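[1] okay, sequence plus prediction incoming.
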Amino acid sequence: MKTLVIGGAGYIGSHVTRALLDRGHEAAVFDNLSSGCKENLFDDATFIHGDILDADALKKTMDEGSFDALIHLAAFKAANESMTHPEKYSVNNITGTINILNCATAANINNLVFSSTAAVYGDPQYIPLDEDHQLNPENYYGFTKLEIERILNWYNRLKGIRYAALRYFNAAGYDDAGRIRGLERNPANLLPIIMEVADGTREKLEIFGDDWDTPDGTCIRDYIHVTDLAEAHVLALEYLIDNDQSLTINLGSETGISVKSMLETARKVTGRPIPSVMAGRRAGDPARVVASSSKAKEILNWQITRHSSVETLIESTWRVYSEKGKP
């Protein structure tokens, strides 16, 4: 099977590309390198430098590539930024996806895995979040992902494009074998921010509240090792090919990790002090967000592995950050 990984030079995309190659599939990467990096490209995967807003480039790539499937990871994802620059997220996330779908239709590519988000659910009404939870995103980023899911459903009905929408929160960690070393640019998630404090790039970590209704008073969030997440993308793609049926599914840890636990474990693993300061709560932050993965286990036979322990998440990430700049 030959797959075009759109956004395949990014943090998650590069791990997905590696997972495809490791399972014997052919892969090509289409990326504009705005957030991805050349260090995350592989010799055994073709690279096409292009942008999803360039419909002509997409069409040419799909027409000439003879692809069996697409994996779409080329969305902007900073929730806070989406609230101040909705136009940026509208154009890239929604218009860009429509370009992908139109070009896929023209090229007769009928299988697509979409990197969605559990942010489509909004404020948790119960924990863990499952696929039946109400859909009420609280930021514009989550709104764009939900709109894309709705558009995918229509293209499924009208154009026969089968899709798997994968809803998850926080990817973390790095490839165990050290084959992926490119760092995220301007990270907004907790673990890379902690790593930047540990390596001296940032002065300190801000913790947004220590009086939440959680065991240690800090927020709990859902983290999955990116290797486990990449495996799920490949399993979802194989499901589409084998079953000719669309799928919307959560990928969750079902437990979660608190800010304090992540920070304290990072101090032990890195041996660095990692200064932190307490800041006020952020508006709209829930105390605990954890997603269920029972449907993924049942349908895809996907399992969270040892990779997603807090120690492994931090150890694999610190290995890359501590070697930053080394040949």
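    Looks like it arrived, so ask away.

[2] next, Pro273: secondary structure please.
    coil (DSSP: H, G, I helix; E, B strand; the rest coil).

[3] against Leu53, how distant is it?
    Distance of Pro273 to Leu53, computed by CB to CB, to the nearest Å: 44 Å. Yep, even glycine has a C-beta here, placed from its N, CA and C like the rest.

[4] more neighbours, the two?
    Leu53 (14 against 9; other CB atoms under 10 Å).

[5] need the contact list for that one.
    By CB atoms under 8 Å, 6 or more residues apart in numbering, the contact set of Leu53 is Val91, Asn92, Thr95, Gly96, Asn99.

[6] cross the residues you listed against helices and list the overlap.
    Gly96, Asn99 (DSSP state H).

[7] now, of the contacts of Leu53, which are buried?
    When the contacts of Leu53 are checked for burial by 16 or more other CB atoms under 10 Å, the buried set is Asn92, Gly96, Asn99.

[8] which element follows the worst-scoring helix or strand of the chain on mean pLDDT toward the C-terminus?
    Across the helices and strands of the chain, mean pLDDT, DSSP states H and E gives its lowest value to helix 79-84, namely a mean of 90. Using DSSP states H and E, the helix or strand that directly follows helix 79-84 along the chain is helix 86-89.

[9] please save the CA atoms from that following helix in CSV.
    C-alpha atoms of helix 86-89 as CSV (Å, rounded to 0.1, in the frame of the first residue of the first chain):
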residue,chain,number,x,y,z
PRO,A,86,-9.5,32.4,13.7
GLU,A,87,-9.0,33.4,10.1
LYS,A,88,-5.6,31.6,10.0
TYR,A,89,-7.2,28.4,11.3
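
[10] packing partners for it?
    If contacts are counted by 3 or more CB pairs under 8 Å, 6 or more residues apart in numbering; DSSP states H and E, helix 86-89 sits against helix 79-84, helix 140-159.

[11] buried sites along the first one?
    By neighbour count, with 16+ other CB under 10 Å as the criterion, the buried positions of helix 79-84 are Ala79, Glu81, Ser82.

[12] if we can go back for a sec, out of the helices and strands packed on helix 86-89, which is closest to Glu231?
    helix 140-159 (21.1 Å; CB to CB).

[13] and Ile207, how close does it get to Ala19?
    Distance from Ile207 to Ala19, by CB to CB: 33 Å.

[14] excluding chain neighbours, what is closest to Leu247?
    Ala164 (4.4 Å; CB to CB, 6 or more residues apart in numbering).

[15] any idea of the mean pLDDT for the host helix or strand of that neighbour?
    Using DSSP H and E, Ala164 falls within strand 162-167. Average pLDDT, strand 162-167: 98.

[16] just want the angle from that strand to helix 140-159.
    160 degrees (axes from the mean of the first three to the mean of the last three CA atoms, to 10 degrees).

[17] what strands line up against strand 162-167, and which way round?
    Strand pairing for strand 162-167, determined by DSSP bridges: strand 111-115 (parallel), strand 247-250 (parallel).

[18] deepest-packed of these, please.
    Highest mean neighbour count among the strands paired with strand 162-167 (mean count of other CB atoms under 10 Å): strand 111-115, with a mean of 26.

[19] that one: how far from the chain's middle?
    12 Å (CA atoms, centre = their mean, to the nearest Å).

[20] same check, this time on stretch 100-120
    Here stretch 100-120 is found 15 Å from its chain centre; the criterion is CA atoms, centre = their mean.

[21] could you list the low-pLDDT ranges of this structure?
    Low-confidence segments of the chain (pLDDT under 70): 306, 325-327.

[22] which parts of it are strands?
    According to DSSP state E, the chain carries its strands in the segments 2-6, 26-31, 46-49, 69-72, 111-115, 162-167, 170-172, 205-208, 220-221, 223-225, 247-250, 257-258, 276-279.
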